[in-house]
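Novice: Attaching a predicted model along with its sequence, questions to come.
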Amino acid sequence: VALRADSIDTTRSGQWSADPGFGVYVHIPFCRHRCHYCDFNTYEKADALHGPYVDALVCAIESGASVSGRKATSVFFGGGTPTLLSPTQLARILEAVGHSVGIAPDAEITVEANPETVDVASLCELRAAGFNRLSIGVQSLVPSVLAGLGRTHSGERALEAIDAGRRAGFTDINADLIYGSPWETERDWIASLTGVIDAQPEHVSAYALTIESGTPLATLVSTGRVPNIDPDIQADRHGVAGTLLGAAGYERYEVSNWARPGYSSQHNVLYWCAGDYLGFGAGAHGHAGGRRYWSVRLPRDFIDRVNAGSSTEAGHEVLGPDERAGEALMLGLRLRGGLDVGQWIDLYGHEAWSRREATVLDFERRGIIERTGGRVRIASWAALVGDAAARELL
Ligand code: SF4
């Protein structure tokens with residue numbers, strides 16, 4: 001299916017779209033070391049599984065392509081740490097996506113990387129393989145903050161990774177940051193932001209730290225060895241990010257994401273537009289036409305199932321029309337450009353809107369939601385709390 005050029009333009013500008021394209025997510029569930037705050041589906045000390053996992057992933061992609069029938073407008077290799085695999089292995093997986101699913105000519109193709117796993121040579125190989133967007137896990141540039149988070153790289157190494165990406169030919173680089181950890185001062189946060197801004201990535205994602213149960217950080221907090229996070233401080237830090245990034249020419253297009261004009265993440269926007277995407281790999285989720293599915297979480301199980309010729313799906317749910325409408329509204333409100341109410345009604349029907357209109361009006365009255373020119377969005381001040389409020393629209 002030929003890709004409409006305007007669907008790419010729309011999503012690159014970070015705007016809500018009724019036609020946000022079609023994505024592919026590939027999960028690489030390996031990390032060199034588990035960070036203290038992490039609850040992602042990732043495993044350390046599993047090097048022996050890397051080769052068999054790549055073989056299984058390629059096999060799953062080649063046999064799962066019939067689900068789609070559309071070409072991908074965005075491909076995202078996430079983890080875990082995808083760059084723990086060799087560039088050759090990542091290239092092989094991407095090639096399988098290209099052959100089996102198909103990738104649109106202007107597609108955004110992202111690979112996540114941790115600073116200590118890349119250099120100019122490896123990034124040149126990834127660029128040559130077709131990856132055109134690099135997302136570096138910087139998190140902080142301050143040694144004490146990195147140590148508290150359990151990160152194993154230095155701030156200097158993170159900046160070197162951005163520079164290496166640039167020298168390898170990446171023209172679309174994201175830096176991931178985390179703010180609001182209990183041991184971070186405002187001065188630390190400003191130092192991280194200004195250091196990253198000086199490195200001039202096209203895109204910055206800045207997320208408030210959350211304490212996820214089952215993580216070492218959760219244990220430290222529950223036993224009183226580390227103070228809990230303070231939501232007011234996190235709200236202040238979000239404001240500081242907005243001020244500094246805004247002054248440096250970045251526009252916030254979603255609650256936690258800033259980009260230079262034209263560099264919004266097409267793949268992320270697809271998620272917020274409730275678009276369809278295939279998910280490949282251990283624990284990966286996918287969504288197509290209201291059917292959401294997820295794979296078995298353990299890499300060993302994923303490999304065994306593929307090798308046995310069985311499905312890797314661990315479960316699925318089918319959303320009803322009204323559930324899809326509510327979810328699309330809740331997600332779309334996160335985008336700063338706002339969700340187009342008229343187009344949303346075209347997709348989901350007047351009845352779905354009528355059922356939610358009173359709640360939307362109530363949120364407008366309380367200033368949580370803003371409406372301009374037929375579009376609705378979460379108000380700037382409510383960025384960190386609006387998501388919880390918007391759940392009432394489900
Ligand atoms: S690098 Fe990312 S995925 Fe890996 S353990 Fe740290 S936070 Fe989790």
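Specialist: Now that the structure is in, tell me what you want to look at. Note that the structure is predicted; figures quoted are calculated from it, not measured.
Novice: Any stretches of the stretch 51-200 of the chain with poor pLDDT?
Specialist: Within the stretch 51-200 of the chain, the segments meeting pLDDT under 70 span 65-68.
Novice: Tell me where it has strands.
Specialist: If DSSP state E, counting those that start in this stretch is used as the criterion, the strands of the stretch 51-200 of the chain fall at 72-79, 103-113, 133-139, 173-179.
Novice: Report the buried residues of the longest one.
Specialist: Read that as strand 103-113. Using 16 or more other CB atoms under 10 Å as the burial criterion, the residues of strand 103-113 that qualify are 103-104, 107-113. (Each C-beta comes from the backbone N, C-alpha and C, glycine too.)
Novice: Which residues of the stretch 101-250 of the chain lie near the ligand?
Specialist: Those residues of the stretch 101-250 of the chain that sit near the ligand, judged by CB under 6 Å from any ligand atom, are 114, 137.
Novice: so which residue of the stretch 101-250 of the chain comes closest to the ligand?
Specialist: Going by CB to the nearest ligand atom, the ligand is nearest to Asn114 of the stretch 101-250 of the chain, at 5.2 Å.
Novice: try the stretch 251-394 of the chain
Specialist: For the stretch 251-394 of the chain, the residue closest to the ligand is Gly283, as judged by CB to the nearest ligand atom, at 11.5 Å.
Novice: That residue: what's its closest spatial neighbour, skipping adjacent residues?
Specialist: Spatial nearest neighbour of Gly283, chain neighbours left out: Asn41 (3.6 Å); criterion: CB to CB, 6 or more residues apart in numbering.
Novice: so which helix or strand takes in the residue nearest to the spatial centre of the chain?
Specialist: What sits nearest the mean C-alpha location of the chain, by CA atoms, centre = their mean, is Asn268, with 5.6 Å. Assigned by DSSP states H and E, Asn268 falls within helix 266-272.
Novice: Put the alpha carbons of the helix or strand just after that helix into PDB.
Specialist: The C-terminal neighbour of helix 266-272 among helices and strands, as given by DSSP H and E, is strand 276-280. Extracted C-alpha coordinates of strand 276-280, given in PDB (Å, rounded to 0.1, in the frame of the first residue of the first chain):
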ATOM      1  CA  ASP A 276      -1.700   0.000  14.400                       C
ATOM      2  CA  TYR A 277       1.700  -1.600  14.900                       C
ATOM      3  CA  LEU A 278       3.100  -5.100  14.900                       C
ATOM      4  CA  GLY A 279       5.200  -6.100  17.900                       C
ATOM      5  CA  PHE A 280       8.000  -8.700  17.600                       C
END
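Novice: average pLDDT for strand 276-280?
Specialist: Averaging pLDDT along strand 276-280 yields 96.
Novice: Need the residues that contact the helix or strand that it is followed by.
Specialist: Sequence-wise, the next helix or strand downstream of strand 276-280 (DSSP H and E) is strand 285-288. Residues from elsewhere that reach strand 285-288 (CB atoms under 8 Å, 6 or more residues apart in numbering): 25, 67-68, 274-280, 292-295.
Novice: Could you pull up the residues touching the spatially closest residue to Ala218 that is not a sequence neighbour?
Specialist: Leaving aside its sequence neighbours, Ala218 sits nearest to Ile211 (CB to CB, 6+ apart; 5.2 Å). Residues in contact with Ile211 (CB under 8 Å, 6+ apart) are 37, 217-218, 221, 228-229.
Novice: I'd like those as TSV, with secondary structure appended.
Specialist: Converted to TSV, those look like this (DSSP: H, G, I helix; E, B strand; the rest coil):
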residue	secondary structure
Tyr37	coil
Leu217	helix
Ala218	helix
Val221	helix
Asn228	coil
Ile229	coil
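Novice: Report the buried members of the residues you listed.
Specialist: 37, 217-218, 221, 229.
Novice: Of the contacts of strand 285-288, grab the buried ones for PyMOL.
Specialist: Applying 16+ other CB under 10 Å to these, the buried members can be selected in PyMOL as follows:
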select buried, resi 25+68+274+275+276+277+278+279+280+292+293+294+295
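Novice: Show me which of the contacts of strand 285-288 is closest to Thr81.
Specialist: Using CB to CB, Tyr25 is the member of the contacts of strand 285-288 that sits closest to Thr81, with 15.4 Å.
Novice: Surely the closest one and Gly275 touch.
Specialist: No. Using CB atoms under 8 Å as the test, Tyr25 is too far from Gly275 to be in contact (11.5 Å).
Novice: Next, the buried residues of whichever strand or helix holds Glu317.
Specialist: Using DSSP H and E, Glu317 maps to strand 313-318. For strand 313-318, the neighbour count (16+ other CB under 10 Å) marks Ala314 as buried.
Novice: what's the average pLDDT for the helix or strand just after it?
Specialist: For strand 313-318, the following helix or strand on the C-terminal side (DSSP H and E) is helix 321-332. The pLDDT scores in helix 321-332 average 94.
Novice: now stretch 358-365
Specialist: So the average pLDDT for stretch 358-365 ends up being 93.
Novice: For it, buried residues please.
Specialist: 360, 363.
Novice: who touches it?
Specialist: Contacts to stretch 358-365, defined as CB under 8 Å, 6+ apart, come from residues 369-371, 376, 389-390, 392-393.
Novice: Alright, calling it a day.
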